[in-house]
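# mind folding the following:
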Amino acid sequence: MVKRKYRLNWFRVVMIAIILYTVYVCVNQQLQYAAISREIEATKTQLEQLQQTNEAMGQEKQKLSTPAHVEKLAREELGLVKPGEIPYVR
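From the prediction side, this is the model:
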């Protein structure tokens, strides 16, 4: 019986290495894409919340520019009264 000498096929080894590297790069890119997508969604949610807060502050600013609202706040929160009025305490 003649023993056959095993010969390494370098072409196959190189092709397998290239395929494995390509799979690694593709998986890595997909993971990075998913992380970026999650970050974008979180940023969009935060932007919407800040826009709502900004809108509420804008409405409050408009209310504070009216003398009637300022007087109401002064009476309710600060307990101020007009000259000649008697304060009523509950």
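
# so where's the protein uncertain?
1-2, 90 (pLDDT under 70).

# what's the next secondary structure element after the longest helix belonging to it?
Longest helix in the chain by number of residues (criterion: DSSP state H): helix 10-64. Using DSSP states H and E, the next helix or strand after helix 10-64 towards the C-terminus is helix 67-77.

# what's in contact with that next one?
Under the criterion Cβ atoms under 8 Å, 6 or more residues apart in numbering, residues K63, L64, L80, V81 lie in contact with helix 67-77. (Each C-beta comes from the backbone N, C-alpha and C, glycine too.)

# next, the angle helix 10-64 makes with it.
90 degrees (axes from the mean of the first three to the mean of the last three Cα atoms, to 10 degrees).

# pull the CA atoms of helix 67-77 into PDB?
C-alpha atoms of helix 67-77 as PDB (Å, rounded to 0.1, in the frame of the first residue of the first chain):
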ATOM      1  CA  PRO A  67     -51.800  91.900  32.200                       C
ATOM      2  CA  ALA A  68     -54.900  89.900  33.400                       C
ATOM      3  CA  HIS A  69     -52.900  86.700  33.600                       C
ATOM      4  CA  VAL A  70     -50.000  88.500  35.400                       C
ATOM      5  CA  GLU A  71     -52.500  90.000  37.900                       C
ATOM      6  CA  LYS A  72     -54.100  86.500  38.500                       C
ATOM      7  CA  LEU A  73     -50.700  85.000  39.200                       C
ATOM      8  CA  ALA A  74     -49.800  87.800  41.500                       C
ATOM      9  CA  ARG A  75     -53.000  87.400  43.500                       C
ATOM     10  CA  GLU A  76     -53.000  83.600  43.600                       C
ATOM     11  CA  GLU A  77     -49.300  82.700  44.100                       C
END
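
# now do the buried residues in that helix.
Residues of helix 67-77 classed as buried by neighbour count (16 or more other Cβ atoms under 10 Å): none.

# centre of the chain to that helix, how far?
37 Å (Cα atoms, centre = their mean, to the nearest Å).

# stretch 51-64 now?
22 Å.

# same deal with stretch 63-83?
Per Cα atoms, centre = their mean, the centroid offset for stretch 63-83 relative to its chain is 38 Å.
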